[in-house]
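Chemist: show me how the following folds:
(one chain, ligands or ions: 1)
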Amino acid sequence: MQSYDYIIAGAGASGLSLAWKMLHSPLSEKNMLIIDQSLTPTNDKTWCFWDATDPPFAELIYRKWNKAEVNTFDSRTIELLNTYTYYCLRSIDFGRHILSKLKNHPNFDLLEGSITDLSFNERNPILHTDSDSFKAEYIFQSCFDPWNNTGDQPRHPLLQHFVGWEISTSKPVFDEDVFTLMDFDQTFEDGIAFIYLLPWSQTSALIEYTIFSDTLLDKKKYEEKISLYLNNRFNLKPVDYTIERKEFGKIPMADRPHKPWYKPNILNLGTVGGVTKPSTGYTFKRIQQQTDAIVKDLLSSREIRPQPISRKRFRAYDLWLLQIIDRHPKDALRVFNHLFQNNSLDKVFQFLAEESSIKNDLKIMSSVPNIPFLRAIWETSNRLKEI
Ligand SMILES: Cc1cc2nc3c(=O)[nH]c(=O)nc-3n(C[C@H](O)[C@H](O)[C@H](O)COP(=O)(O)OP(=O)(O)OC[C@H]3O[C@@H](n4cnc5c(N)ncnc54)[C@H](O)[C@@H]3O)c2cc1C
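Modeler: The predicted model follows:
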């Protein structure tokens with residue numbers, strides 16, 4: 001059986017982030033295998049995040065904005081971001097750039113193939129494909145959900161699910177300096193739902209209809225909402241635009257305990273590693289925190305000591321917000337309304353990035369209706385120790 005120091009199973013956002021950091025550290029002397037069912041980069045994911053300093057993968061940033069629009073029920077506001085910038089990069093640029101560098105490095109083997117299993121014998125973790133098996137000191141995997149088949153369901157099986165259209169228009173309609181973070185659907189037909197819009201130029205944009213709920217809709221339903229929005233907001237009829245590309249996403253918003261290991265010496269990375277911020281679905285920046293920590297541990301001791309990305313108090317806030325979204329969605333909408341109306345977007349971003357002080361957390365929390373939170377705290381009191 002072929003043996004490596006490390007195997008990266010899954011070459012998506014987390015696998016390639018880790019490989020990139022290893023490539024730029026003394027760990028590049030190790031022998032590594034990177035395996036994915038497809039190593040052809042595709043333009044199927046648009047990753048956005050906010051950052052107050054130097055963004056990760058700065059050279060690959062596709063667009064950035066310092067003005068954001070948020071539309072709640074009572075107001076429509078465009079706000080200037082002073083502390084943070086909102087960045088976006090495309091999976092195709094990310095994949096192309098990183099894979100091309102890895103291909104040229106003698107210590108990184110790239111293999112296209114379907115992983116059928118990950119196991120552990122008495123000494124090593126082993127990766128299996130239909131035709132081969134490979135062993136390593138550590139396997140970093142972003143392919144298999146460690147909670148599958150455990151019978152342990154999350155208390156709030158919520159998802160952030162969306163369909164996006166990348167469109168081009170014949171006339172200029174978009175303000176390319178302003179992205180729309182949330183434009184809430186006033187009908188409340190599908191629960192908490194909103195339009196998210198990233199303008200690439202005056203004549204092209206990515207527009208997504210996003211819902212926080214536990215049930216996926218028929219794809220047509222999301223598309224009707226996008227079409228309706230383009231009509232109502234920009235007076236665009238289907239003949240006025242071309243759909244260049246579609247994007248679909250389903251991101252877990254689950255309240256599960258931290259489960260770092262899939263099996264001994266097989267570390268869970270990225271989404272299956274529970275890195276997603278449960279109350280927002282944002283994952284990309286947190287993948288950078290997770291992969292930075294892995295490289296640091298390997299360099300300092302060869303032993304990985306995984307920690308949850310969020311400190312305990314932020315895990316508690318997420319639990320309460322999920323409880324409100326899941327059990328009392330109308331209250332959640334009131335919470336979002338007050339959150340955006342009573343705080344600057346910089347402060348909201350700081351809070352959601354878990355970069356705020358306890359004093360600021362309390363300020364944010366006192367700016368939203370307190371009954372839903374007090375009820376959520378009461379309803380989840382027995383869950384706090386589990387998260
Ligand atoms: C459309 C979309 C948009 C998103 N936008 C944002 C955003 O704006 N901001 C943000 O923070 N987060 C966003 N996310 C969430 C998150 O950042 C992404 O899902 C991110 O790709 C997660 O990285 P990952 O490495 O965990 O998973 P992936 O990127 O999905 O990588 C997993 C890899 O494993 C491979 N694989 C799986 N099973 C096997 C197998 N059996 N054999 C071989 N290979 C296998 C897959 O081919 C894939 O390449 C988005 C998610 C989606 C789906």
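Chemist: can you report how many residues neighbour the residue lying closest to I92 once chain neighbours are set aside?
Modeler: Closest residue to I92 in three dimensions, ignoring its sequence neighbours and counting by C-beta to C-beta, 6 or more residues apart in numbering: N43, at 4.0 Å. For the C-beta atoms, the positions are set from N, CA and C on the backbone; glycine is no exception. Applying other C-beta atoms under 10 Å, we find 14 residues neighbouring N43.
Chemist: pull the contacting residues for N43.
Modeler: For N43, the residues meeting the contact criterion (C-beta atoms under 8 Å, 6 or more residues apart in numbering) are R90, S91, I92, R245.
Chemist: what lines up beside the helix or strand hosting the last one in the sheet?
Modeler: If I follow you right, that is R245. Taking DSSP states H and E as the criterion, R245 maps to strand 241-253. For strand 241-253, the paired strands and their directions (DSSP bridges) read strand 158-169 (antiparallel).
Chemist: surely L236 is in a strand?
Modeler: No. Residue assignment for L236, taken from DSSP: H, G, I helix; E, B strand; the rest coil, gives coil, which places it outside any strand.
Chemist: and for the closest residue to it other than its chain neighbours, the neighbour number?
Modeler: In space, L236 comes closest to L230 once its chain neighbours are excluded; the distance is 4.2 Å by C-beta to C-beta, 6+ apart. Burial of L230, expressed as a neighbour count using other C-beta under 10 Å, amounts to 23.
Chemist: got phi/psi on L230?
Modeler: In this entry, L230 is assigned phi and psi values of phi -60, psi -30 (degrees, to the nearest 10).
Chemist: that one contacts I243, doesn't it?
Modeler: No. Between L230 and I243 there is no contact, the gap being 10.4 Å when judged by C-beta atoms under 8 Å.
Chemist: any shared contact partners between the two?
Modeler: Counting by C-beta under 8 Å, 6+ apart, the common neighbours of L230 and I243 are I167.
Chemist: just the strands in the stretch 151-300 of the chain please.
Modeler: When secondary structure is read from DSSP state E, counting those that start in this stretch, the stretch 151-300 of the chain shows strands at 158-169, 178-184, 192-201, 204-213, 241-253, 261-263, 266-268.
Chemist: got a list of what P157 touches?
Modeler: With C-beta under 8 Å, 6+ apart as the criterion, the residues that contact P157 are D214, A254.
Chemist: report the contact partners of Y282.
Modeler: Taking C-beta under 8 Å, 6+ apart as the definition, contacts of Y282 comprise F49, T276, L352.
Chemist: quick one on the thing from earlier: Provide the backbone phi and psi angles at the residue nearest to I92.
Modeler: phi -90, psi 60.
Chemist: and the residue of the chain found nearest the ligand, what pLDDT?
Modeler: Scanning the chain for the residue nearest the ligand gives G12, at 1.8 Å (criterion: C-beta to the nearest ligand atom). With respect to pLDDT, G12 has a value of 98.
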